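Undergrad: predicted model and sequence below, questions to follow.
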Amino acid sequence: MAPVLSRSLASASLASLPPSFFTLKHSKQALNLRSTFIPYNRLRHGLFGGGLKWKIERKQNRTFVRCDTAVADKEAADASGEKFEYQAEVSRLLDLIVHSLYSHKEVFLRELVSNASDALDKLRFLSVTEPSLLGETGQLEIRIKPDPDNGTITITDSGIGMTKEELIDCLGTIAQSGTSKFLKALKENKDVGADNGLIGQFGVGFYSAFLVAEKVVVSTKSPRSDKQYVWESLADSSSYVIREETDPEKLLSRGTQITLYLRPDDKYEFSEPTRIQGLVKNYSQFVSFPIYTWQEKSRTVEVEEEEETKEGEEPKPEGEKKKKKTVTEKYWDWELANETKPIWMRNPKEVQKDEYNEFYKKTFNEFLDPLAYSHFTTEGEVEFRSVLYVPGMAPLNNEDIVNPKTKNIRLYVKRVFISDDFDGELFPRYLSFVKGVVDSDDLPLNVSREILQESRIVRIMRKRLVRKTFDMIQDIAESENKEDYKKFWENFGKLLKLGCIEDSGNHKRLTPLLRFYSSKSEEELISLDDYVENMGENQKAIYYLATDSLKSAKTAPFLEKLVQKDIEVLYLIEPIDEVAVQNLQTYKEKKFVDISKEDMELGDEDEVKERETKQEYNLLCDWIKQQLGDKVAKVQVSKRLSSSPCVLVSGKFGWSANMERLMKAQTLGDTSSLEFMRGRRILEINPDHPIIKDLNAACKSAPESGDAKRAVDLLYDTALISSGYTPDSPAELGNKIYEMMAIALGGRWGRSDEDDEADAVEHGSDAGASTEAEVSEVQVIEPSEVRAESDPWSD
């Protein structure tokens, strides 16, 4: 490297000097340096050029040219500056650590229990090589005793304890982790079997005690020291006191005892025994050492009932047995708070199904067994263990179904609960119903252990969890018990359809899990695999129809020709179905086609016959379009009808009738966009229907007929309803139907002559043919007096 560097320096420097700077003479094999621009004396004192310093030196009758970097001199000058250490106001720094790192006060117990667990882990590891450290107190445990009367909490562990020097080093130095130093020492010494279950890493967890305490007293005894020391500090103080414990009643055999004197605001909440037990179960339930809490209990005992002697009665002899009664007495005792063992730490082959179900019920307060579970371990860039469950029933509250903050995934780091509030970070919204635990030893948490910091790590975890969830659901779908997946689909099917909308990257995993009713399976749900398997050889698309109910789908006019040709059609009867299928677009290279939209091709049409029919009814189509005006974009001969006279289809790129209905029903929908997004409407007529044939004749013989025009209007309104649209004026449609009914009935069942005269008078007055003076009184005839000519009961 040195020769290369010298050559580059020389070349750069020479290039920066004038061309006439050097002259060479081969006299006595010596190199003479002369300059036409710079005096020789200047070269002797030094010359700066190209960032370098050139200087001529003579040694032993020889002349040398020395080149130094000018930057080196500058750096040497800068290095001579005065160095300072950062200073900190300790009380202010502690206040920032305590009140800025943690979002919830209750985490103080998690941090202190984790420290106690680390102390026990250290002792367990060191006792392998030094059994004498255990001494007579062999039990490794943690005990928590709240005192509501005095407003204190005492946390005692039988761990490794601390000497006076360790007290100063660990508690007196902020952000110095004794656990981290211990692990570093193990790594440097290459100790085999080092326990990686130690939790601490930041060195600030102890100070979380000041979240709720105004005074903290730490009494500790190390098995390597004969003395017990007490560390004491106030919340707002910048100093602490260490003294030797001299009270015989407070001496410990080994370990550490932390006493928190709670603040007045927190005294009543955190000194309550049930509250402490709840926090232990939430945060530290799976710590590998037993945790006991001081709890009030009750028991039934039998006591002798004292009977009062009444006046005049002799007292009973002393030897006679007295009556006993059962009473309930209260007492205080230690209770194990972490009974449930971390099932995910065991080998899945050794865990029975009943154990998984019991763990699920206890952890998530459920009463039903899960539909499925998955226990797995992932290794590689991120290592973690997890147990995931599919619940047996959806939440009763619909808002919790798609809520990303359902708190269904509990994150643990080294068996200590960290958080269950991820806002969709570990699971997408449509899989928020999945419950489970995730435990890792090396997750990148922030200091408060509440937030995952590296988004890349979170993305990897999310990807693996989602993949395992899909495998679990696929196992339910492929199981022999079909009722399990039917139950799953009833509870969570809508969420998988939501995934088709929100997660395009997992369409290949989601699509095989979807289920729909169809024209060939109106009672049982079928999968898309079943549909594709039942397709004909010439069928090139997956046909579907979106409606509001199964009944309306069965009777829709769009189905007629497809059912006639034995082509299966999927029924999309839930509001989310149509949007989900539109996001899928294809499945197994088969496109999804909406049969309620224009340009539907079945692929087996007779082109010659179609051309002749179109030419025959071309005049009728133009005439109907002229009568309807802007209500329809165009009128054309239909390829999808067999029994209905007409149908109203949507344009290819607009909303369908079902989508238009859904958008109108939106609470916060924008009505101004309805006209823009509403698809153009196309009226398709059936040339084989009698009504259409009659209209075709009317169009040619009496195009101005009022009855024919009214028939066209009514035909359009009827097609509007049968195609799934909503009429703009239902009352006006009703009047048209009444009018047509009156024409059709026309006294078919024998109206009386008086009724005919009254109708004639009434119609004449409306048309201006007669005046009020010409209208005679009409006799009102009760319905019972109207008799037909063929009445057998007539006189």
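TA: Nice, I can see it.

Undergrad: is it true that residue 588 touches residue 535?
TA: No: contact between residue 588 and residue 535 fails when scored by C-beta atoms under 8 Å: they sit 9.9 Å apart. Just so you know, the C-beta spots here come from the backbone N, C-alpha and C atoms, and that holds for glycine as well.

Undergrad: and these two? which has more neighbours close in?
TA: In this view residue 588 and residue 535 are compared by other C-beta atoms under 10 Å, and residue 535 has more residues nearby, 16 against 12.

Undergrad: the more buried one reaches residue 568, doesn't it?
TA: Yes: counting by C-beta under 8 Å, residue 535 sits close enough to residue 568 to count as a contact (7.4 Å).

Undergrad: now stretch 613-626: buried residues?
TA: Buried residues in stretch 613-626, counting neighbours by 16 or more other C-beta atoms under 10 Å, are found at 617, 620-621, 623-625.

Undergrad: pLDDT added to those, as TSV?
TA: Output for those, formatted as TSV (pLDDT from 0 to 100):
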residue	pLDDT
617	90
620	91
621	92
623	92
624	92
625	91
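
Undergrad: ok, these vs residue 115, which is closest?
TA: Compare each of the buried residues of stretch 613-626 with residue 115 using C-beta to C-beta and the shortest gap goes to residue 625, at 83.3 Å.

Undergrad: and the closest residue to that closest one other than its chain neighbours, how many neighbours does it have?
TA: When the adjacent residues along the chain are set aside, residue 625 lies closest to residue 635, with 4.7 Å between them (C-beta to C-beta, 6 or more residues apart in numbering). The local packing count at residue 635 equals 23, with neighbours defined by other C-beta under 10 Å.

Undergrad: again with residue 547
TA: Using other C-beta under 10 Å as the criterion, residue 547 is surrounded by 23 other residues.

Undergrad: change the start of the numbering to 843 and stick with it
TA: Shifting the count to begin at 843 puts that one at residue 1389.

Undergrad: just give me the neighbour total for the residue nearest to residue 1249 when sequence neighbours are not counted.
TA: In space, not counting the residues next to it along the chain, residue 1249 is nearest to residue 1262; the distance is 4.1 Å by C-beta to C-beta, 6+ apart. The local packing of residue 1262 (other C-beta under 10 Å) involves 15 other residues.

Undergrad: residue 1262 contacts residue 1254, correct?
TA: No: at 10.0 Å, residue 1262 does not count as touching residue 1254 under the criterion of C-beta under 8 Å.

Undergrad: report the buried residues of the helix ranked longest in the chain.
TA: Across the chain, the helix with the greatest residue count (assigned by DSSP state H) is helix 1297-1320. Using 16+ other C-beta under 10 Å as the burial criterion, the residues of helix 1297-1320 that qualify are 1299-1300, 1302-1304, 1306-1308, 1310-1312, 1314-1315, 1318.

Undergrad: for those, work out which two are farthest apart.
TA: Longest span within those, C-beta to C-beta: 1299 and 1318, 29.5 Å.

Undergrad: number of nearby residues for the closest residue to residue 1214 other than its chain neighbours?
TA: In space, not counting the residues next to it along the chain, residue 1214 is nearest to residue 1232; the distance is 4.6 Å by C-beta to C-beta, 6+ apart. By other C-beta under 10 Å, the residues close to residue 1232 number 23.

Undergrad: ok, residue 1232 to residue 1326 distance?
TA: To residue 1326, residue 1232 is 9 Å away according to C-beta to C-beta, to the nearest Å.

Undergrad: same check, this time on residue 1352
TA: Counting by C-beta to C-beta - residue 1352 and residue 1326 are separated by 19 Å.

Undergrad: which one's more surrounded, those two?
TA: Legend: neighbour count by other C-beta under 10 Å for residue 1352 and residue 1326, higher for residue 1352 (22 against 17).
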